[in-house]
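*Asks:* Take this sequence and fold it.
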Amino acid sequence: QVQLVESGGGLVQAGGSLRLSCAASGRSVTNYDMGWFRQAPGKEREFVTAISWSGSSYSVKGRFTMSRDNVKKMVYLQMNSLKPEDTAVYYCAAKIRGAVVADTAVEYDYWGQGTQVTVSS
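*Replies:* Alright, predicted model coming up:
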């Protein structure tokens, strides 16, 4: 079992930056690949980025960078040049580490409660 708690969301102007954090507790996080997803109102949950247990990252949003600190049991999402369309609830997720990093929500086993990010124009 892994428990995940996101923080760092808020209101930011377009062009600004935010850094989201996700604190993991429970079993050793080195056993898990981690991901960030987001969900805007009326839309499906969308993959943002993921990072393997060893630190290899995979992102579909070039403005976003994911990192992890296994000692602190933390993962981070640095978001730059934010746009109004980035407005969503952002979720941290975990899955047992695999051969490749997963980019679909169904592959993840554990989820945080989400943190709201609102980008104003």
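
*Asks:* To what extent is Val106 buried, counted in neighbours?
*Replies:* Val106 is flanked by 8 other residues according to other Cβ atoms under 10 Å. Bear in mind the C-beta positions are built from the backbone N, C-alpha and C, glycine included.

*Asks:* Can you classify it as helix, strand or coil?
*Replies:* Following DSSP: H, G, I helix; E, B strand; the rest coil, the label given to Val106 is helix.

*Asks:* contacting residues around it?
*Replies:* By Cβ atoms under 8 Å, 6 or more residues apart in numbering, Val106 lies in contact with nothing.

*Asks:* ok, it to Phe47 distance?
*Replies:* 11 Å (Cβ to Cβ, to the nearest Å).

*Asks:* With Asn31 instead?
*Replies:* Separation of Asn31 from Phe47 (Cβ to Cβ): 21 Å.

*Asks:* With neighbour numbers in mind, choose between those two.
*Replies:* Phe47 (20 against 14).

*Asks:* Which pLDDT value goes with the nearest residue to the more buried one once chain neighbours are set aside?
*Replies:* Spatial nearest neighbour of Phe47, chain neighbours left out: Asp103 (4.6 Å); criterion: Cβ to Cβ, 6 or more residues apart in numbering. In this model, Asp103 is scored at 92, pLDDT.

*Asks:* so Asp103 makes contact with Ser57?
*Replies:* No: Asp103 is beyond contact range of Ser57, at 11.7 Å (criterion: Cβ atoms under 8 Å).

*Asks:* Overlap in contacts, the two.
*Replies:* In contact with both Asp103 and Ser57: Ala50, using Cβ under 8 Å, 6+ apart.

*Asks:* List the residues that contact Lys83.
*Replies:* 14, 119.

*Asks:* what does Arg27 give?
*Replies:* Arg27 touches 1-2, counting by Cβ under 8 Å, 6+ apart.

*Asks:* which SS class is the residue nearest to Phe47?
*Replies:* Quick answer, by three-state DSSP: Asp103 is coil.

*Asks:* ok, now which ones touch it?
*Replies:* Asp103 neighbours (Cβ under 8 Å, 6+ apart): 35, 47, 50, 58, 60.
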